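*Asks:* I would like to see how this sequence folds:
(4 chains)
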There are 2 protein chains.
Amino acid sequence: MTSPRHVRRTPAGAAAAQAIPVPVLRRMPGYLQALRQFRTEGLEWVSCTRLAGRLGLDPALARKDFTALDITGKPKTGFPVTGLIRAIESCLGWDNVRDAFLVGAGSLGRALLGYRGFREHGLNIVAAFDTDPGKIGSSLHGTQVLPLSKLAGLARRMRVAIGIIATPAAAAQEVADLMVAGGLRAIWNFAPTSLSIPPEVLVENEDLSRTLAVLSQRLQARRALELEENG
Amino acid sequence: MTSPRHVRRTPAGAAAAQAIPVPVLRRMPGYLQALRQFRTEGLEWVSCTRLAGRLGLDPALARKDFTALDITGKPKTGFPVTGLIRAIESCLGWDNVRDAFLVGAGSLGRALLGYRGFREHGLNIVAAFDTDPGKIGSSLHGTQVLPLSKLAGLARRMRVAIGIIATPAAAAQEVADLMVAGGLRAIWNFAPTSLSIPPEVLVENEDLSRTLAVLSQRLQARRALELEENG
DNA sequence: TCTTAATCGTGAAATTAAGCACGTTAAAAA
DNA sequence: TTTTTAACGTGCTTAATTTCACGATTAAGA
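*Replies:* Numbering: from 1, shown residues only, chains lettered A, B, ... in the order given. Alright, predicted model coming up:
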């Protein structure tokens, strides 16, 4: 008789299970980064205590987070470092690379194209698009810049699933519409604007000003406090 | 008799009040962006209903968020657009510009230097630093690139409070130490690594891979679901 | 072999955030 | 002037997230 010890939340088998909460997913890259560091240090096993300690998290939180993975730890020993790395990568879909299109060959777009690390995050930017004739035809970090008008057709033909928007805010909605038309399934939006997108297309907004808001408000509050206490 | 109608959470006056929760602060830039758009459309008053609607949020959430501000709305009318903009900017400390140092003149650093919008977010990058002799002395988007060794001294002399780390992960901790030594009060870290920093220095990590983790896991989960349902 | 100690997995408690509901208020309409 | 309506502010409810606590398990040492 088959005995399912754990409810699989990851694909592999069985019914579609609970969605992994966003806060959990957002912690995964941090674990991964620390684990890779442990691996280069030659460590083969690591406990949640040590791993969470390095990241400033509660050990119980790490243990709970890892219940979303297809891996289980051993008492007294912890988790196998490489096994845990693989489990996280598999959970995030970072174990096989997906092609992506990037739109906007400005400074942000160029920076994203220049970042080699995306490969390790399951992302391969295969083409860039822009409307500026001065940029079209050039090559940035080995990636061709093509006219935006070709996006939808190429996306369909190449079965690209992910689009990255790195344009000014004013152009973002138009680009998003083209991406939807091209059948892309997920959009990573760096433009500081909210997009309207049909629900079957995933969107994640990357807005630097959100983090900056936290930083600058806290700094200001701390300043105000000091002023109040001292002189 | 003095009647304090509202507890001020913002500076202005009185006791140090409750810290504004991070989720609230992270929504503020979104409000701001929508409000600026409304302003260019000529709107003078806006209700939470309409504002939240544009951003896909619950109106009550917006109202609750605005209790952290030094502004109050009018029934039937809502909030004055420019007043609300000012109140949010003041809350975040974006109403007066702060100088910042940036370390790392690679592609990410150049992109950040090239982004003109930081001025509107209270941030003015006054100098960049690097260790690469090929970059030192050059000028990027009008900003001088200086040797990293000068950071601490200049930070003290110029009373710079904010540091931006845009280096590879391997160099980040060393740069952070220099920033602490230079008396910086807040660090915006773009390197994918966790820093150890004394508690009197604020740190916010900007890690693109966190958002990417959410996007790619969701995409993968959706794919798995489709495969299960259809063929 | 037996004891000790570190860690796992997990249910329960606490904390935090989001959504709802309702009394109050001000503008506009009757 | 009175009525109607849209929206505010806020206490209460619900949901989500984190932390605590503890029994179970396994490696290592006595």
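
*Asks:* make it CA atoms for all contacts and neighbour counts henceforth
*Replies:* Fine.

*Asks:* averaged pLDDT, the top helix by length along chain A. What do you get?
*Replies:* Scanning chain A for the longest helix, with DSSP state H as the assignment, gives helix A:208-229. In this model, helix A:208-229 has a mean pLDDT of 94.

*Asks:* now do the buried residues in it.
*Replies:* Within helix A:208-229, the residues scored as buried using 16 or more other C-alpha atoms under 10 Å in any protein chain shown are A:208-222, A:224.

*Asks:* is that helix in proximity to DNA strand C?
*Replies:* No: Helix A:208-229 is not in contact with DNA strand C by C-alpha under 7 Å from any atom of the strand; minimum separation 12.0 Å.

*Asks:* tell me which residues are up against that helix.
*Replies:* Applying C-alpha atoms under 8 Å, 6 or more residues apart in numbering or on different chains, the external contacts of helix A:208-229 come out as B:10-11, B:16, B:22, B:25-29, B:91-94, B:121, B:185-186, B:188, B:202-206.

*Asks:* now list the buried members of the residues you listed.
*Replies:* The neighbour count (16+ other C-alpha under 10 Å) marks B:10-11, B:25-29, B:91-94, B:121, B:185-186, B:188, B:202-206 as buried among the contacts of helix A:208-229.

*Asks:* ok, and which of those residues reach chain A?
*Replies:* For chain A, the contacts drawn from the buried ones among the contacts of helix A:208-229 by C-alpha under 8 Å from any C-alpha of the partner chain are B:10-11, B:25-29, B:91-94, B:121, B:185-186, B:188, B:202-206.

*Asks:* take the residues you listed and keep only those in helices.
*Replies:* Of those, the ones assigned to helices by DSSP H are B:25-29, B:91-92.

*Asks:* what would the residues you listed look like in TSV with distance to residue B:83?
*Replies:* Formatted as TSV, those follow (distance: C-alpha to C-alpha, whole Å):
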residue	distance to residue B:83
B:25	18
B:26	20
B:27	17
B:28	14
B:29	15
B:91	12
B:92	14
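
*Asks:* DNA strand D next: which of those residues are close?
*Replies:* Among those, proximity to DNA strand D is found for none (C-alpha under 7 Å from any atom of the strand).

*Asks:* dump those to CSV, plus pLDDT and distance to DNA strand C.
*Replies:* Below are these laid out as CSV (pLDDT from 0 to 100; distance: C-alpha to the nearest atom of the strand, whole Å):
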residue, pLDDT, distance to DNA strand C
B:25, 98, 10
B:26, 98, 9
B:27, 98, 9
B:28, 98, 11
B:29, 98, 14
B:91, 98, 17
B:92, 98, 17
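
*Asks:* among those, which one lies nearest to residue B:170?
*Replies:* residue B:26 (28.5 Å; C-alpha to C-alpha).

*Asks:* nearest residue to that closest one in space, please, no chain neighbours.
*Replies:* Excluding the flanking residues, the one nearest residue B:26 by C-alpha to C-alpha, 6 or more residues apart in numbering or on different chains is residue A:210, at 4.7 Å.

*Asks:* for residue A:98, what are phi and psi?
*Replies:* Per-residue torsions, residue A:98: phi -110, psi 140 (degrees, to the nearest 10).

*Asks:* all helices of chain A, in order?
*Replies:* Using DSSP H, the helices found in chain A span residues A:22-40, A:48-55, A:59-66, A:81-92, A:107-114, A:151-158, A:169-181, A:208-229.

*Asks:* what angle do the second one and helix A:59-66 make?
*Replies:* In this structure, helix A:48-55 runs at an angle of 100 degrees to helix A:59-66, with axes from the mean of the first three to the mean of the last three C-alpha atoms, to 10 degrees as the basis.

*Asks:* same thing with the last one?
*Replies:* Angle between the axes of helix A:208-229 and helix A:59-66 is 170 degrees (criterion: the same axes, to 10 degrees).

*Asks:* kindly report the same for the fifth one.
*Replies:* Between the axes of helix A:107-114 and helix A:59-66, defined by the same axes, to 10 degrees, the angle is 80 degrees.

*Asks:* give me the contacts around helix A:107-114.
*Replies:* Taking C-alpha under 8 Å, 6+ apart as the rule, helix A:107-114 contacts A:102-103, A:125, A:140-141, A:143, A:166-167, B:107-108, B:110-112, B:114-115.

*Asks:* enumerate the positions of the lengthiest strand in chain A that are buried.
*Replies:* In chain A, taking DSSP state E as the definition, the longest strand is strand A:123-130. If you call a residue buried by 16+ other C-alpha under 10 Å, then strand A:123-130 has these buried ones: A:123-130.

*Asks:* reformat the residues you listed as a markdown table; add distance to chain B and pLDDT.
*Replies:* What follows is the buried residues of strand A:123-130, written out as a markdown table (distance: C-alpha to the nearest C-alpha, whole Å; pLDDT from 0 to 100):
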| residue | distance to chain B | pLDDT |
| --- | --- | --- |
| A:123 | 9 | 97 |
| A:124 | 12 | 97 |
| A:125 | 13 | 98 |
| A:126 | 17 | 98 |
| A:127 | 18 | 98 |
| A:128 | 16 | 98 |
| A:129 | 18 | 98 |
| A:130 | 17 | 98 |
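
*Asks:* where in chain A is pLDDT low?
*Replies:* Along chain A, the model assigns pLDDT under 70 to residues A:1-17, A:231.

*Asks:* show me the contacts for residue A:105.
*Replies:* Contacts here follow C-alpha under 8 Å, 6+ apart; on that basis residue A:105 touches A:128-130, A:135, A:145, A:166-167.

*Asks:* residue A:203 against residue A:188, yeah?
*Replies:* Yes: Residue A:203 lies in contact with residue A:188 (C-alpha atoms under 8 Å); the separation is 6.0 Å.

*Asks:* tell me how chain A divides into domains.
*Replies:* Using automatic domain parsing, the domain ranges for chain A come out as A:22-92, A:98-209.

*Asks:* okay if I get those as JSON lines plus distance to residue B:98?
*Replies:* Below are the domains of chain A laid out as JSON lines (distance: least, C-alpha to C-alpha, whole Å):
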{"stretch": "domain A:22-92", "distance to residue B:98": "29"}
{"stretch": "domain A:98-209", "distance to residue B:98": "15"}
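
*Asks:* residue B:46 is nearest to which of those?
*Replies:* domain A:98-209 (17.8 Å).

*Asks:* and that closest one, how far apart are its ends?
*Replies:* 28 Å (C-alpha to C-alpha, to the nearest Å).

*Asks:* now do stretch A:181-196
*Replies:* End-to-end distance of stretch A:181-196: 13 Å, with C-alpha to C-alpha as the criterion.
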